[in-house]
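Peer 1: Following is a predicted model, sequence given first.
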Protein chains: 2
Amino acid sequence: MPKAEAKPERKTRIQSQNEQIILDAALEVFSAYGYRGGTIDQIAARCGLSKPNLLYYFRRKDDIYEAVLERTLADWLEPLRTLDPAADPVGELSRYITAKLDMTFERPAASRLFANEILHGAPHIGKFLQGPLRELVEAKALVIRRWVAEGRLHPIEPTHFIFAIWAVTQHYADFAVQVEAIAGTPDRARVRRAVLDILLGGIAANPPA
Amino acid sequence: MPKAEAKPERKTRIQSQNEQIILDAALEVFSAYGYRGGTIDQIAARCGLSKPNLLYYFRRKDDIYEAVLERTLADWLEPLRTLDPAADPVGELSRYITAKLDMTFERPAASRLFANEILHGAPHIGKFLQGPLRELVEAKALVIRRWVAEGRLHPIEPTHFIFAIWAVTQHYADFAVQVEAIAGTPDRARVRRAVLDILLGGIAANPPA
DNA sequence: ATAAATCTTGATCAAATGGTCAAGTGCGGA
DNA sequence: TCCGCACTTGACCATTTGATCAAGATTTAT
């Protein structure tokens, strides 16, 4: 057996550097054109590497796509994970919605990448949806359910409320062209206020005047 | 000049029949795989026609795509168009949301087709967004604004409220795999109640207990 | 019935695209 | 300095895919 020291995979400076460059370019390309629509040539051109060179770091197109997906999955979940059961419900949800909205405006490409992946049946992250994501949502739904039981929130369906938060916030990234066409370039502060109003207006235990 | 009787375009029985068959198949294919991801071969296979035959009715792939988009655009707008300024605001909005949700569950493929088109910058329906859609939304936003002015609704941003309705309802079609992975196959009546609760809970002039 | 128009398709083409390879270039440690 | 290994690339290949065409089959109108 030859020196099969495969796993450790120490990375060269050039290697990790180029991988990041490639994944940055891949995010832009795949989010703009979809998995099938984005080409290796486009990615290579965008980051100034030759196609074979790009395939030296990621052997298949699929590998690039999965890598760029994985790289952003964790960040995507993070805001939800921080929901604090002990804190004020409306305050916590407000914070979560704001954080999600901030990501939407700061990283629209990432949002569109996920949207495209899920829209087409989540062929690459099906396991993730049924595993970690599902568990996290169930855990946080429990938190919300407890808030309701304690009379601190209007009775709502926690899971669907979370869906609504996702839908409304990501809308401003995924459907940005439509939003722009109808309402012009949106003012972030105004959007934030409007979204909080709509999503939280009806759930406070003591609704505002 | 040869007999240039081009415009009238009387359609044969076979012609209009096959065109419908093709567009039905194209809707399924394009909504599942996107414009770039769907192939003429797939569409041809799905509707049992040969590829050249399909290209006899639609000369380019683009023509098929645009035709299937156009065919559903009108239906998509219809529910919003019926918002009645004279009727009860919450009742009207409730009806609209319900109608939109029904379309989501009855025609998820159409929803996904639009989502994909807009997600990728609406290259084919940009004009539609800036024209008819924008005008309709502005008109209906005015209706909602009047309701607010008359004290019949909590003050909300009409345009963003409409965005929220679209986002939340279409979410159940566009992100169906995610919804399914997290909450299982959704019960329509339950979804309807949850969505109405979330979107309308905070807007009634006299909020429910 | 029959001619004209419409419809259908196997064969084929050119371009795009994912991926390979052998041959170079240059960096980094002994 | 110099050797080995990581890196880079032009040329090339095979497949997919949008599109064409000429020839044949079927429908329709007279």
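Peer 2: Arrived safely, thanks for sending. Note that the structure is a prediction, hence the values are computed from the model and not measured.
Peer 1: What number of neighbouring residues does the closest residue to residue A:58 other than its chain neighbours come out with?
Peer 2: Counting by Cβ to Cβ, 6 or more residues apart in numbering or on different chains, the nearest residue to residue A:58 once its immediate chain neighbours are dropped is residue A:64, at 4.4 Å. Any C-beta I mention is one placed from the backbone N, CA and C, and that applies to glycine too. By the criterion of other Cβ atoms under 10 Å in any protein chain shown, residue A:64 has 26 neighbours.
Peer 1: And the pLDDT for residue A:74?
Peer 2: Residue A:74 carries a pLDDT value of 88.
Peer 1: Would you mark the buried spots in the helix or strand harbouring it?
Peer 2: Residue A:74 is located in helix A:61-81, with elements delineated by DSSP states H and E. Residues A:61, A:64, A:65, A:68, A:69, A:71, A:72, A:76, A:79, A:80 are the ones in helix A:61-81 that count as buried (16 or more other Cβ atoms under 10 Å in any protein chain shown).
Peer 1: Repeat that for stretch A:166-176.
Peer 2: A:166, A:167, A:168, A:169, A:170, A:171, A:172, A:173, A:174, A:175, A:176.
Peer 1: Let me see the contact set for the most centrally placed residue in chain A.
Peer 2: Among the residues of chain A, the one closest to the centroid is residue A:76, at 3.9 Å (Cα atoms, centre = their mean). By Cβ atoms under 8 Å, 6 or more residues apart in numbering or on different chains, residue A:76 lies in contact with A:103, A:110, A:114.
Peer 1: same thing but at 7 Å, please
Peer 2: Counting by Cβ atoms under 7 Å, 6 or more residues apart in numbering or on different chains, residue A:76 makes contact with residue A:114.
Peer 1: repeat for residue A:140
Peer 2: Here residue A:140 is in contact with A:80, A:83, A:162 (Cβ under 7 Å, 6+ apart).
Peer 1: quick one, phi/psi of residue A:120?
Peer 2: phi -100, psi 20 (degrees, to the nearest 10).
Peer 1: and chain A, what are its domains?
Peer 2: A:12-59, A:72-200 (automatic domain parsing).
Peer 1: So what would you say the end-to-end distance of the shortest one is?
Peer 2: Taking Cα to Cα, to the nearest Å as the measure, domain A:12-59 stretches 17 Å from start to finish.
Peer 1: now that domain, how far from the centre of its chain.
Peer 2: 20 Å (Cα atoms, centre = their mean, to the nearest Å).
Peer 1: can you give me the helices for chain A?
Peer 2: In chain A, the helices defined using DSSP state H lie at A:13-37, A:40-47, A:51-57, A:61-81, A:89-106, A:108-119, A:126-128, A:134-149, A:158-174, A:176-183, A:188-200.
Peer 1: quick one: the third one near DNA strand D?
Peer 2: Yes: with Cβ under 7 Å from any atom of the strand as the criterion, DNA strand D is reached by helix A:51-57 at A:51, A:52, A:53, A:56.
Peer 1: buried stuff in that helix?
Peer 2: Those would be A:54, A:55, A:57, for helix A:51-57 by 16+ other Cβ under 10 Å.
Peer 1: so residue A:153 touches residue A:147, yeah?
Peer 2: Yes: taking Cβ atoms under 7 Å as the definition, residue A:153 is a contact partner of residue A:147 at 4.4 Å.
Peer 1: Between these two, which contacts overlap?
Peer 2: Joint contacts of residue A:153 and residue A:147 (Cβ under 7 Å, 6+ apart) are residue A:89.
Peer 1: so who does residue A:57 touch?
Peer 2: A:18, A:19, A:22.
Peer 1: The last one: neighbour count?
Peer 2: By the measure other Cβ under 10 Å, the count of residues near residue A:22 is 22.
Peer 1: Surely it is in contact with residue A:48?
Peer 2: No: counting by Cβ under 7 Å, residue A:48 is not a contact partner of residue A:22; they are 10.3 Å apart.
Peer 1: what do those two both touch?
Peer 2: Contacts common to residue A:22 and residue A:48, judged by Cβ under 7 Å, 6+ apart, are absent.
Peer 1: Look up the pLDDT of the closest residue to residue A:36 other than its chain neighbours for me, please.
Peer 2: Nearest residue to residue A:36, sequence neighbours excluded (Cβ to Cβ, 6+ apart): residue B:37, at 3.7 Å. Residue B:37 carries a pLDDT value of 97.
Peer 1: Close to DNA strand D: what parts of chain A are there?
Peer 2: So chain A meets DNA strand D at A:12, A:14, A:15, A:18, A:49, A:50, A:51, A:52, A:53, A:56 (Cβ under 7 Å from any atom of the strand).
Peer 1: same for DNA strand C: which of those are within range?
Peer 2: Okay, of the residues of chain A next to DNA strand D touching DNA strand C (Cβ under 7 Å from any atom of the strand), that's A:51, A:52.
Peer 1: Closest one of the residues of chain A next to DNA strand D to residue A:189?
Peer 2: Within the set of the residues of chain A next to DNA strand D, residue A:18 lies nearest residue A:189; the separation is 38.7 Å, counting by Cβ to Cβ.
Peer 1: So, low pLDDT: which residues of chain A?
Peer 2: A:1-10, A:202-209 (pLDDT under 70).
Peer 1: residues in it within reach of DNA strand C, list them.
Peer 2: So chain A meets DNA strand C at A:13, A:38, A:39, A:40, A:41, A:51, A:52, A:55, A:59, A:60, A:61, A:62 (Cβ under 7 Å from any atom of the strand).
Peer 1: thinking again about what came up before, can the contacts of residue A:140 go into TSV with extra columns for distance to residue A:98?
Peer 2: Listed next are those as TSV, based on distance: Cβ to Cβ, whole Å:
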residue	distance to residue A:98
A:80	13
A:83	13
A:162	15
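Peer 1: Those into TSV, with extra columns for distance to chain B?
Peer 2: Formatted as TSV, the contacts of residue A:140 follow (distance: Cβ to the nearest Cβ, whole Å):
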residue	distance to chain B
A:80	12
A:83	16
A:162	8
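Peer 1: Tell me the spacing between residue A:96 and chain B.
Peer 2: Residue A:96 is 15 Å from chain B, where distance means Cβ to the nearest Cβ, to the nearest Å.
Peer 1: Residue A:98 now?
Peer 2: 15 Å.
Peer 1: The nearest residue to that residue once chain neighbours are set aside: neighbouring residues, count only.
Peer 2: Leaving aside its sequence neighbours, residue A:98 sits nearest to residue A:192 (Cβ to Cβ, 6+ apart; 6.2 Å). Neighbourhood size, residue A:192 [other Cβ under 10 Å]: 18.
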